[in-house]
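Undergrad: This is the structure alone, sequence omitted:
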DNA sequence: GACCAGGCACATC
DNA sequence: GATGTGCATGGT
């Protein structure tokens, strides 16, 4: 069975309107946000980013120079702060050692190579890598997350056993290879998930995606 | 006070 | 390769 994912996208877009993702003023800020929001409510990640901005360290070299203790203190509201400090610093080492601290230079690397490189960083898995590629660098890398899996399996588009790569292929094969569409689609899925497809108490009756 | 949130690495079987 | 566990905060 082949579901019209383009149609799904159009309906969500018509229902919710533009989502204006990802909130952030630079590729670096978006990348940091992608790590800080792992398994975490965005509002908590945003508190941490606000702290980094206030200290004027939302910049690769400055943040690295800041050191672990101070970084951990600033990103505390995002949760898992010791773990995320390590992860941020692993990412920073890549940016600094391979690209001289320039996200601009990093963004010139072709998608497949850059994705592989990001996945070598401790703490960057497929979702975080794809979020950085899509939202920080504007590359057509489709982001799959818990909402995508939950919604698609509840609507019987996929089984709940599918792996990350399988769900990603499923979507990529059914959508135009356009970063603008990938961007909006994922944001709309998250919006739908938050409003209609909660873990325990789904108000699925009124779901705009009656498939 | 329980439950949840825009994951990932690592241990163990 | 599948399954389980640690990581931690702030909002509802």
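TA: Thanks, I have the structure now. Here the structure is a predicted model, which is why all the values come from computation and not from measurement.
Undergrad: Could you tell me the single residue of chain A that sits nearest to DNA strand C?
TA: For chain A and DNA strand C, the shortest gap (Cβ to the nearest atom of the strand) falls at residue A:79, measuring 2.5 Å. Glycine gets a C-beta too; all of them are placed from N, C-alpha and C.
Undergrad: can you count the residues close to the nearest residue to that residue once chain neighbours are set aside?
TA: Excluding the flanking residues, the one nearest residue A:79 by Cβ to Cβ, 6 or more residues apart in numbering is residue A:40, at 5.0 Å. By the measure other Cβ atoms under 10 Å, the count of residues near residue A:40 is 16.
Undergrad: per-residue confidence at residue A:40?
TA: Looking at residue A:40, its pLDDT is 97.
Undergrad: Secondary structure element holding the residue sitting nearest the centre point of chain A?
TA: The residue lying closest to the centre of chain A (Cα atoms, centre = their mean) is residue A:131, at 3.4 Å. For residue A:131, the host element (DSSP states H and E) is helix A:126-131.
Undergrad: For the residue of chain A closest to DNA strand C, the count of nearby residues, please.
TA: Using other Cβ under 10 Å, residue A:79 has 17 other residues around it.
Undergrad: likewise the one 5 residues further on?
TA: Residues within reach of residue A:84, counting by other Cβ under 10 Å, total 24.
Undergrad: tally of neighbours for residue A:147?
TA: Residue crowding around residue A:147 was assessed by other Cβ under 10 Å; the count is 17.
Undergrad: Surely residue A:119 is in contact with residue A:126?
TA: Yes. Residue A:119 lies in contact with residue A:126 (Cβ atoms under 8 Å); the separation is 7.0 Å.
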